[in-house]
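A.B. asks: coordinates only, no sequence provided:
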């Protein structure tokens, strides 16, 4: 992927013209009347396609010993956006960004019905060989 450098003034205008959760690239594509880029597929896309999750669903990771409750919103491409607005395609990347080390991502994140994402995934497809990712 190529990158370009823009001045702070250009970056400010791009930021002001951003709509929703658009990336700077998405904003430029829209302003230049280019077709949208194909969105990257997220880990949760099979669960969306199977009707187990929907875009906009909130998943949570409760860490009571630490007094923490983390939330993330499912997007329509199977990715997740955390409470700070950071977007993730891979569930383990989101989990690692929170705790700083690899964790049992599919088991710790739960739906509003208190069902683990592992349970949903296993209902849709067999568990991967490595047991988590």
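C.D. replies: It's in. In this text, all values refer to a predicted model and were calculated from it rather than measured experimentally.
A.B. asks: quick one: low-confidence parts of the chain?
C.D. replies: Low-confidence segments of the chain (pLDDT under 70): 1, 21, 126-133.
A.B. asks: centre-most residue in it?
C.D. replies: residue 80 (1.8 Å; Cα atoms, centre = their mean).
A.B. asks: so what does that one have for phi and psi?
C.D. replies: For residue 80, the backbone dihedrals (degrees, to the nearest 10) come out as phi -130, psi 150.
A.B. asks: check residue 25 too.
C.D. replies: The phi/psi pair for residue 25 (degrees, to the nearest 10) is phi -60, psi -40.
A.B. asks: so what's it up against?
C.D. replies: residue 37 (Cβ atoms under 8 Å, 6 or more residues apart in numbering). From N, CA and C alone the C-beta is placed, and that goes for glycine too.
A.B. asks: separation between it and residue 4?
C.D. replies: Distance of residue 25 to residue 4, given as Cβ to Cβ, to the nearest Å: 10 Å.
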